[in-house]
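**Q** Kindly generate the corresponding structure for this input.
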Amino acid sequence: MSAAHIYGEVLEVTAEADVLACHTLMQQLRPQLLTSEEWLARFTRQAAQGYRLLALWHARRPVALGGFRLQENLVHGRFLYVDDLVTDANDRSGGRGTWMMDALKAEASRCGCDLLVLDTGLANVQAHRFYYRNGLLARALRFSMPVEEKS
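**A** So this is what the prediction gives:
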């Protein structure tokens, strides 16, 4: 996927060097990814399960990322699930997040999805405002719990 824009170009990340180039930006969203090796290993495992990553490139560096997978279930039908969405903290409020969201919406449409779905923390109010501005509505709460280790 490629789309040119004044901010740069949105491309699907597949090459190992490009995945590694995305580590610092992904770490802003997922600080638990301490090393680029760990990021590459996680990306590789998830890619084997259908995870894909779009990057908005500007001046040869990623400034926004959208990690997603195509899924289908009885609740949503066929949908694009956004795992990760981040814009570089130094480049926020410049329209790059909206450009990435538009690229994800276009990919969902191209893939015949009924919905674009993402989860966000309840305390992440700044992100909530961004999502509302981009047409996403809060339609559910997700509940989870740790599963006890089985011996």
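**Q** got the contact list for stretch 71-83?
**A** Residues from elsewhere that reach stretch 71-83, judged by Cβ atoms under 8 Å, 6 or more residues apart in numbering: 46, 50-51, 66-70, 104, 107-108, 111-118. In short, each C-beta sits where N, CA and C put it, glycine included.
**Q** buried sites along the helix or strand harbouring residue 82?
**A** Residue 82 is part of strand 77-87 when elements are defined by DSSP states H and E. Buried residues in strand 77-87, counting neighbours by 16 or more other Cβ atoms under 10 Å, are found at 79, 80, 81, 82, 83, 84, 85, 86, 87.
**Q** which neighbours does it have in its sheet, and in what orientation?
**A** strand 61-73 (antiparallel), strand 115-118 (parallel) (DSSP bridges).
**Q** which stretches of this protein aren't confidently modelled?
**A** Low-confidence segments of the chain (pLDDT under 70): 1-8, 151.
**Q** what ranges do the strands span in it?
**A** 2-5, 8-12, 52-58, 61-73, 77-87, 115-118 (DSSP state E).
**Q** if I pick residue 13, what's in contact with it?
**A** Here residue 13 is in contact with 19, 22, 53, 54, 55, 62 (Cβ under 8 Å, 6+ apart).
**Q** Would you agree the fifth one is in contact with residue 65?
**A** The reference is to residue 55. Yes. Counting by Cβ atoms under 8 Å, residue 55 sits close enough to residue 65 to count as a contact (5.4 Å).
**Q** Those two: who's more crowded?
**A** residue 55 (26 against 21; other Cβ atoms under 10 Å).
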